[in-house]
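Participant: Got a sequence here, can you build the structure:
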Amino acid sequence: MADAPQYDVIIIGTGAGGGTLAHRLAPSGKRVLVLERGGYLPRERDNWDSTAVFVKGKYRAPEFWLDKHGNEFPPEVNYYVGGNTKFYGAALFRLRPEDFGELRHHDGVSPAWPIRYEDLEPYYTQAEHLYRVHGRHGEDPWEGAWGEQYAHPPVEHEPRIQQLSDDLEKQGLHPFHLPIGVDLTQNALGGATHTSVCIRCNRVDGFPCLVRGKSDAEVVCVEPALQHPNVEMITDARVTRLDTDPTGRTVTAVVTELADGQQARFSAHVVVVACGAVNSAVLLLASAGDAHPDGLANSSGVVGRHYMRHNNLALMAVSREPNDTQFQKTLALHDWYLGADDWDYPLGGIQMLGKSDAEQIHGEAPRWAGAVTPDMPFEVLAHHAVDFWLCGEDLPLPGNRVTLDTDGRVRLTLDENNNTAGLGRLRHKLQKMLGRLGMHEHHLLSRSIYLHKGMPIGATAHQAGTVRFGTDPESSALDVHCKAHDVDNLYVVDTSFFPSIGAVNPSLTAMANALRVGDHILQRLG
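Facilitator: Next up is the predicted model:
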């Protein structure tokens, strides 16, 4: 185990948190080492093949975690440069100001954050501009204050989604353009220009982008960071533990298994963990030692606890008229985000999913047996499909947690009925409107294949909350700068730091926070 040279910063992980932080630190001249567990995602035809991506799970990590009963399940994780952003839908929402305060839900309380929306707002703007987010502030009457307009106009609705937007407005609702990160230049009709990187296809959601038109962390942050001579990256480098000095106050070595099976030790003035909420907790727990017997930075006992993943439903309605939409992910609705006239608690949000196709629908066929007319072939059903994503907040229960078995296997304990009443009501709201939205009233079908064949515990794409930040070292692992209370040079910048998750995709908040923490680290390093 040869010791490597000293770095200023080591970043473990290249997703929304780690990749964005690398981009922030790169121009500083500080010596930065990025360690990525995976390699580069292969660019191949299967990137855009529904059967390969959704039915066979070709790019999913070849590993299994355990549930609370000891049963194996395949988690929805991907180990590549860019992390899970290679496969995300690039829906880049801000949390609402209310999400930063204490919110009462049907099943309990969503806790307040130690920072306010106003503290993160400038970084939200920076992240939106960095990740080429297309949208229009001011359309959603309940969004938070914004300092600058999006740098890019919203992705225009195609005719069937424009009709849906118009029909929703006729119901007195307030649909708005979904903020999405794509490298798109539109012509006067909303189509992609001949120089646009994004081609407005139907592969944006859940697929890696073959033409590099989606704003993932590899394309937007990691590759530009590596253009700086002070930044280097090692791929296929799996960090197995963090060692400290005898006091336990300083990380002295990042112990890493390299692609050839050799073990290396790297050191830096600052070490940043950004492996995803589950794997960041796993790394800290695996780094237990004499000074940290319950896991690194875990004197509070919260590391691994308060795991969240949203209450999600992927649903498909059947339009009476054909739906020729290709780029369907352009609309969202937050009228019931914080409550409704018949419900005093938050319900969540509705947004469009990427357009389903015959291969995805064929994969759902056994689950849908008898739910649709038998004389409607898969291709016809796909042509009439309109796809929705419903997202509700789950609560950070201490019993929802990540642990390590004695053999080192990851165990995820989860209460799958955590605060689900609001999501049920949100589905009912959508179901009641179908007839007025030009759709068959009784056909609102589960697209569970989008959630890896309907195993709720396996739907880990929105994982958050296992290394929460706060002002009290007794109840949080990190301080307001996402530095460990217990360790002077250890930070965590993925979605682990979330005390609550709200009801929108967490990626933009992770990106904005990485920029915020990056400024703090640069100030610390002088």
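
Participant: how about the helices in this protein?
Facilitator: 18-25, 50, 117-130, 159-170, 217, 223-226, 277-286, 358-364, 378-384, 421-433, 507-525 (DSSP state H).

Participant: Out of these, which gets the lowest mean score?
Facilitator: Out of the helices of the chain, helix 358-364 stands lowest, with a mean of 71 (criterion: mean pLDDT).

Participant: And that one, what does it pack against?
Facilitator: Judged by 3 or more C-beta pairs under 8 Å, 6 or more residues apart in numbering; DSSP states H and E, helix 358-364 is in contact with helix 50, helix 378-384. From N, CA and C alone the C-beta is placed, and that goes for glycine too.

Participant: Out of those helices, which is closest to Lys214?
Facilitator: helix 50 (16.6 Å; C-beta to C-beta).

Participant: Nearest to Leu404, out of the helices and strands packed on helix 358-364?
Facilitator: Nearest to Leu404, of all the helices and strands packed on helix 358-364, is helix 50, at 35.0 Å by C-beta to C-beta.

Participant: Summarise which helices and strands that closest one is packed against.
Facilitator: For helix 50, the packing partners by 3+ C-beta pairs under 8 Å, 6+ apart come out as helix 358-364.

Participant: picking that back up, just so I know, which of the helices and strands packed on helix 358-364 lies nearest Ser287?
Facilitator: Judging the helices and strands packed on helix 358-364 by C-beta to C-beta, what sits closest to Ser287 is helix 50, at 39.7 Å.

Participant: just the helices of the chain: most buried one?
Facilitator: Of all the helices of the chain, helix 217 has the most neighbours on average by mean count of other C-beta atoms under 10 Å, namely a mean of 33.

Participant: list the helices and strands that one packs on?
Facilitator: Judged by 3+ C-beta pairs under 8 Å, 6+ apart, the packing partners of helix 217 are helix 18-25.

Participant: what about 10 Å?
Facilitator: Counting contacts by 3 or more C-beta pairs under 10 Å, 6 or more residues apart in numbering; DSSP states H and E, helix 217 packs against helix 18-25, helix 507-525.

Participant: Export those helices to a markdown table and append columns for distance to Arg241.
Facilitator: Output for those, formatted as a markdown table (distance: least, C-beta to C-beta, whole Å):
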| stretch | distance to Arg241 |
| --- | --- |
| helix 18-25 | 18 |
| helix 507-525 | 22 |
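
Participant: rewinding a little: mind checking the helices and strands packed on helix 358-364 for the one nearest to Phe498?
Facilitator: helix 50 (31.2 Å).

Participant: Could you pull up the residues touching Val109?
Facilitator: Applying C-beta atoms under 10 Å, 6 or more residues apart in numbering to Val109 gives the contacts Glu102, Leu103, Leu395, Pro396, Ser500.

Participant: Write a ChimeraX command that selects only the buried members of the residues you listed.
Facilitator: In ChimeraX syntax, the buried subset of the contacts of Val109 is picked out as below (16 or more other C-beta atoms under 10 Å):
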select :103,395,396,500
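
Participant: which of the contacts of Val109 lies closest to Ala22?
Facilitator: Distances from Ala22 to these, taken as C-beta to C-beta, are shortest for Ser500 (26.8 Å).

Participant: List the beta-bridge partners for Val239.
Facilitator: The partner list for Val239 in beta bridges (DSSP bridges) reads Thr256.

Participant: Can you report how many residues neighbour it?
Facilitator: 23 (other C-beta atoms under 10 Å).

Participant: Quick one: closest of the helices and strands packed on helix 217 to Asn311.
Facilitator: Judged by C-beta to C-beta, the one of the helices and strands packed on helix 217 that comes nearest to Asn311 is helix 507-525, at 17.7 Å.

Participant: Summarise which helices and strands that closest one is packed against.
Facilitator: Judged by 3+ C-beta pairs under 10 Å, 6+ apart, helix 507-525 is in contact with strand 3-12, helix 18-25, helix 117-130, strand 180-181, helix 217, strand 263-273, strand 490-492.

Participant: Now render these as TSV, adding distance to Tyr337.
Facilitator: Listed next are the helices and strands packed on helix 507-525 as TSV, based on distance: least, C-beta to C-beta, whole Å:
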stretch	distance to Tyr337
strand 3-12	33
helix 18-25	26
helix 117-130	14
strand 180-181	18
helix 217	27
strand 263-273	31
strand 490-492	28
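
Participant: out of the ones you listed, nearest to Leu437?
Facilitator: Set against Leu437 and scored by C-beta to C-beta, the helices and strands packed on helix 507-525 come closest in strand 180-181, at 21.6 Å.

Participant: Please work out which residues outside the closest one touch it.
Facilitator: If you take C-beta under 10 Å, 6+ apart as the criterion, strand 180-181 is touched by 85, 88-93, 127-128, 130-135, 152, 154-155, 198, 204-205, 213-216, 219-220, 327, 329-330, 332, 351-352, 507-508, 511.

Participant: where does the stretch 1-150 of the chain have low pLDDT?
Facilitator: Along the stretch 1-150 of the chain, the parts satisfying pLDDT under 70 run over 1-5.

Participant: Could I get the full set of strands for it?
Facilitator: 3-12, 32-35, 65-66, 72-73, 103-105, 108-110, 133-134 (DSSP state E, counting those that start in this stretch).

Participant: could you dump those strands to JSON lines with distance to Leu434?
Facilitator: Output for the strands of the stretch 1-150 of the chain, formatted as JSON lines (distance: least, C-beta to C-beta, whole Å):
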{"stretch": "strand 3-12", "distance to Leu434": "46"}
{"stretch": "strand 32-35", "distance to Leu434": "47"}
{"stretch": "strand 65-66", "distance to Leu434": "36"}
{"stretch": "strand 72-73", "distance to Leu434": "32"}
{"stretch": "strand 103-105", "distance to Leu434": "26"}
{"stretch": "strand 108-110", "distance to Leu434": "30"}
{"stretch": "strand 133-134", "distance to Leu434": "28"}
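
Participant: So for Phe266, which of those sits nearest?
Facilitator: Phe266 lies closest to strand 3-12 among the strands of the stretch 1-150 of the chain, at 4.6 Å (C-beta to C-beta).

Participant: from the middle of its chain, how far away would that closest one be?
Facilitator: How far strand 3-12 lies from its chain's middle: 27 Å, per C-alpha atoms, centre = their mean, to the nearest Å.

Participant: by how many degrees do it and helix 507-525 diverge?
Facilitator: With axes from the mean of the first three to the mean of the last three C-alpha atoms, to 10 degrees defining the directions, strand 3-12 sits at 140 degrees from helix 507-525.
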